[in-house]
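*Asks:* need coordinates for the following:
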Amino acid sequence: MALQRLFRQAIFTLIGFTVVTAIVMAASDIAITVNAKGRVYQHAETLPARQVGLVLGTSKYIGKTPNPYYTYRIEAAESLYHAGKIQHLLLSGDNAHRSYNEPWTMKRDLRQAGIPEETIHLDYAGFRTLDSVVRAKTVFSLARYTVISQQFHCERALFLADVNNIDAICYAVPSPQGWAGVKIRAREVLARTKAVLDSFILNVKPKFTGPKEPISGVSTSKD
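*Replies:* Model (predicted):
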C-alpha cells in the first residue's frame with residue numbers, strides 16, 4: 001500500500017510539473033508576441049528610418065544547401081540601406097572558429113552587393129540573440145536601432161531589448177514554410193521560455209562584454 005501511495009504521488013507530481021511547464025511555455029510565447037505588437041514591420045515603405053540596422057546572424061548554408069533564413073536577412077539589409085531606411089549595419093553573429101564566422105560572411109556578401117565598407121560594423125560575439133541585442137547597447141553604444149530577422153525572431157529580440165531598456169523596432173523578413181517552418185516554430189517556443197527565465201530569474205548576461213566600440217557619427221541616445 002505504501003508503495004502504491006508513493007507511486008501515485010510521483011505520478012501526480014509529474015503531471016503537475018508537466019502542466020505548470022506547459023502553462024509557463026504558452027504564457028511566455030503569447031506574451032512575447034503581444035509585447036512586440038505594432039513594432040514589427042513587413043514593408044519597407046512603412047518602416048521608420050533609423051541610423052543602424054542590427055542584422056542577427058545565422059549560418060549561410062545548411063549542409064551544402066543555401067540557408068533561406070540567411071539569404072532573406074542579407075537581402076533585406078541591402079534593400080533597407082539602399083532605400084535610406086538605415087545608414088549603418090551592425091552584423092552580429094557567432095565566430096566560433098576560423099572556418100565559421102557569421103559576421104565576416106555577412107560583410108563579404110553585403111560588400112559584394114555594393115554596401116560601403118565604412119557603413120558595416122561587426123560584432124563577433126553575438127553567440128545568442130541575447131548577446132547580439134545587449135552588446136549593441138553595451139559595446140556599440142546604441143540606444144535605438146532596427147533589428148533585421150524573421151518575424152518570430154524579431155518578437156523575441158524586441159522582448160530582450162525592452163528588458164534591457166533599448167528602443168528597438170524590427171523589420172521582419174520572410175520565413176521558410178512547410179515542415180522546416182514548423183520545426184523552427186517549435187524550437188522558438190523553447191527559446192522564448194528560456195529568454196523569460198534568463199531575463200527575470202537567472203539574470204543571464206552576454207558571454208563577453210568587451211571594450212566600448214561606438215559607431216562614429218551615430219547617436220547614442222534614444223532621442
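*Asks:* immediately after the top helix by length along the chain, which helix or strand?
*Replies:* In the chain, with assignment by DSSP state H, the single longest helix is helix 2-35. Once helix 2-35 ends, the next helix or strand along the chain (criterion: DSSP states H and E) is strand 40-41.
*Asks:* now do the buried residues in the longest helix of the chain.
*Replies:* Judged by neighbour count using 16 or more other CB atoms under 10 Å, the buried positions of helix 2-35 are Met25, Ser28, Asp29, Ile32, Thr33. The way it works is simple: take the backbone N, C-alpha and C, and place the C-beta from them, glycine included.
*Asks:* contacting residues for the second one?
*Replies:* Which is Ser28. The contact partners of Ser28, by CB atoms under 8 Å, 6 or more residues apart in numbering, come to Val189, Arg192, Thr193, Ala195, Val196.
*Asks:* same check on Tyr81?
*Replies:* Under the contact definition (CB under 8 Å, 6+ apart), the residues listed for Tyr81 are Gly53, Gln87, Leu89, Ile115, Thr119.
*Asks:* out of these, who's nearest Ala161?
*Replies:* Closest to Ala161 out of the contacts of Tyr81 is Gly53 (13.7 Å), distances taken as CB to CB.
*Asks:* looks like that closest one contacts Leu91 (just checking).
*Replies:* No - contact between Gly53 and Leu91 fails when scored by CB atoms under 8 Å: they sit 9.3 Å apart.
*Asks:* neighbour-wise, which of those two wins?
*Replies:* More neighbours surround Leu91 than the other of Gly53 and Leu91, with 28 against 24 (other CB atoms under 10 Å).
*Asks:* the more buried one is in contact with Pro103, isn't it?
*Replies:* Yes - the pair formed by Leu91 and Pro103 meets the contact definition of CB under 8 Å, at 4.5 Å.
*Asks:* so what sits against both of the two?
*Replies:* Contact criterion CB under 8 Å, 6+ apart; residues bridging Leu91 and Pro103 by contacting each: Gly57, Leu122, Asp123.
*Asks:* in strands, which of those fall?
*Replies:* Counting by DSSP state E, the shared contacts of Leu91 and Pro103 place Leu122, Asp123 in strands.
*Asks:* which one of the shared contacts of Leu91 and Pro103 is nearest Val147?
*Replies:* Distance from Val147 was checked for each of the shared contacts of Leu91 and Pro103 by CB to CB. The minimum falls on Gly57, at 12.0 Å.
*Asks:* number of residues surrounding the closest one?
*Replies:* When neighbours are defined as other CB under 10 Å, Gly57 has 25 of them.
*Asks:* cool, Leu54 as well?
*Replies:* Per other CB under 10 Å, the neighbour tally for Leu54 reads 31.
*Asks:* what do you get for Leu160?
*Replies:* By other CB under 10 Å, the residues close to Leu160 number 22.
*Asks:* skipping adjacent residues, who's closest to it in space?
*Replies:* For Leu160, the nearest residue in space outside its immediate sequence neighbours is Val133; the separation is 4.5 Å by CB to CB, 6 or more residues apart in numbering.
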